[in-house]
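Chemist: here you go, sequence then predicted model.
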Amino acid sequence: QCYLVRIMRLAILSSLLAWAIAKTPRCTSDSNEGDTCLAFVGDLHATQSSAGLEEVKCKSIRFRSMSASDLDDYLQDHPVPAFIGPEGLYITDHHHLCMALLQADLPSASKFVYVTVQGNGVQSTLADFWSALLQRNQLWLYDE
């Protein structure tokens with residue numbers, strides 16, 4: 001019986017998130033500063049060198065226990081700031097959230113986050129892009 005309830009819950013979660021994805025555009029290299037778009041968490045690049053694994057574990061358990069609508073509400077209330085770079089999206093905050101969502105025992109369709117585009121450096125070289133992030137204090141190269 002628990003297995004059946006879990007399967008039903010996952011189906012509902014997938015349906016609700018598919019609806020949310022349909023109404024919010026996917027992030028592309030053409031997205032502009034200030035846009036809100038959706039991105040699969042596995043496609044995001046971190047700008048922080050480390051993350052607290054205990055916090056990631058706790059968030060992952062929390063996400064797994066949420067209803068589909070509660071998870072979507074939570075993700076909408078916590079958009080992930082990111083820059084578009086020459087090789088994709090580079091997140092500047094919510095590293096724990098993204099890592100936890102990626103590790104959570106949820107269907108892949110539910111592993112999308114709302115991204116707030118902070119800038120678009122897709123035309124930059126990778127070296128120039130990283131330098132620009134460093135100048136804007138958007139990199140966490142060591143754990144304090």
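Modeler: Arrived safely, thanks for sending.

Chemist: now do the helices in this protein.
Modeler: Assigned by DSSP state H, the helices in the chain fall at 2-23, 53-65, 68-77, 95-103, 126-135.

Chemist: where among these is average confidence lowest?
Modeler: When the helices of the chain are ranked by mean pLDDT, helix 2-23 comes last with a mean of 60.

Chemist: you'd agree residue 90 is up against residue 48?
Modeler: No - using Cβ atoms under 8 Å, residue 90 makes no contact with residue 48, being 10.2 Å away. Bear in mind the C-beta positions are built from the backbone N, C-alpha and C, glycine included.

Chemist: which one of these two is surrounded by more residues?
Modeler: residue 90 (23 against 17; other Cβ atoms under 10 Å).

Chemist: check the gap between that one and residue 64 for me.
Modeler: Shown here: residue 90 relative to residue 64, a distance of 27 Å by Cβ to Cβ, to the nearest Å.

Chemist: now residue 33
Modeler: Per Cβ to Cβ, residue 33 is found 34 Å from residue 64.

Chemist: neighbour count winner among those two?
Modeler: In terms of neighbours (other Cβ under 10 Å), residue 64 is the more surrounded of residue 33 and residue 64; the figures are 14 against 11.
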